[in-house]
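**Q** can't give you the sequence, but here's the structure:
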Ligand code: 13P
């Protein structure tokens, strides 16, 4: 099945009280592991591409070519969206041209008026082309691609203003951060999330920083309207751990263990296991 936008899968998730995982991709192994797991579990999935990862993979056109090729060659039949993660205004335009089916425009660092103006323009383009679009209000803490956010909770009124522009999904800062959570993390602000959902109604809400959020908080967030959860670091950690183990056990020195197809296999399997665990937790298994 060709790429789809994320609208239908997220509306179904919101109505069905589960969430669709966005798993960020970094290379071929990542993409293949995520797609195969989604297919095996009959789950919809969103492949996230940050601007940094897009550059690393030789640009958005390369990413689109790789993903479209895999959908066909692997016989993927579950709904798959290819989504720009934390895009700039220019980055979003490039992805739209390159053939992504969904983009995030992260205007959260602009004053709200400018965020509204730029989001509005991109909403019009995406609507015309049948793409889905995610916007952000309030920053997500932590570091991503060298950008450090303070993690400020979103203002529910501002969320409503952005939601009313006709975006497909809305990311709101609720105390979540990218990467590992610090020991003294205060947890998610469910009061903020509740207030946002009350004002934005049916709008699917997005929870960034899915790595390391305890299962009970994930479930509560879903019950308060979160329908898309982004996971990146956890797959990276799982890949790194499995690869380190392979090397530490000296397997690369045995026979043809140095062959990348062997060397990267434990990491790829570890990504599959992580994605499976998340899809089960998010409730998207069997929802394709
Ligand atoms: P983590 O790296 O913390 O899982 O966050 C991913 C994310 O939110 C991508 O936008």
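**A** Everything's here; your move. None of these values were measured; they are calculated from a predicted model.
**Q** What backbone torsions are found at residue 111?
**A** Note on residue 111: its backbone torsions stand at phi -60, psi 150 [degrees, to the nearest 10].
**Q** The ligand versus that one, what's the distance?
**A** Using CB to the nearest ligand atom, to the nearest Å, residue 111 is found at 22 Å from the ligand. No exception for glycine: its C-beta is placed from N, CA and C like everyone else's.
**Q** repeat for residue 118
**A** 19 Å.
**Q** Get me the contact residues on the chain for the ligand.
**A** Contact residues (CB under 6 Å from any ligand atom) of the chain with the ligand: 24, 48, 85-86, 178-179, 208-211, 230-234.
**Q** can you tell me which residues contact residue 34?
**A** Going by CB atoms under 8 Å, 6 or more residues apart in numbering, residue 34 touches 23, 25, 45, 47, 271, 275.
**Q** Of those, which belong to helices?
**A** Among these, the members falling in helices (DSSP state H) are 271, 275.
**Q** Neighbour count added to the contacts of residue 34, as JSON lines?
**A** JSON lines is the format used below for those (neighbours: other CB atoms under 10 Å):
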{"residue": "23", "neighbour count": "27"}
{"residue": "25", "neighbour count": "27"}
{"residue": "45", "neighbour count": "26"}
{"residue": "47", "neighbour count": "25"}
{"residue": "271", "neighbour count": "26"}
{"residue": "275", "neighbour count": "27"}
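**Q** quick one: which of the contacts of residue 34 is nearest to residue 155?
**A** residue 23 (29.1 Å; CB to CB).
**Q** before we move on, which element is the residue lying closest to that closest one once chain neighbours are set aside in?
**A** The shortest distance from residue 23 to any non-neighbouring residue, by CB to CB, 6 or more residues apart in numbering, is to residue 34 (4.8 Å). Using DSSP states H and E, residue 34 sits in helix 28-41.
**Q** likewise residue 170?
**A** Residue 170 belongs to strand 169-172, assigned by DSSP H and E.
**Q** Going by neighbour count, which residues in the helix or strand just after that strand are buried?
**A** Next helix or strand after strand 169-172 toward the C-terminus (DSSP H and E): helix 190-200. Neighbour-count burial for helix 190-200 flags 192, 193, 194, 195, 196, 197, 199, 200 (criterion: 16 or more other CB atoms under 10 Å).
**Q** Sheet partners, orientation included, of the next helix-or-strand element following helix 190-200?
**A** Once the chain leaves helix 190-200, the next helix or strand it forms, by DSSP H and E, is strand 205-207. When pairs are called by DSSP bridges, strand 205-207 turns out to pair with strand 169-172 (parallel), strand 226-231 (parallel).
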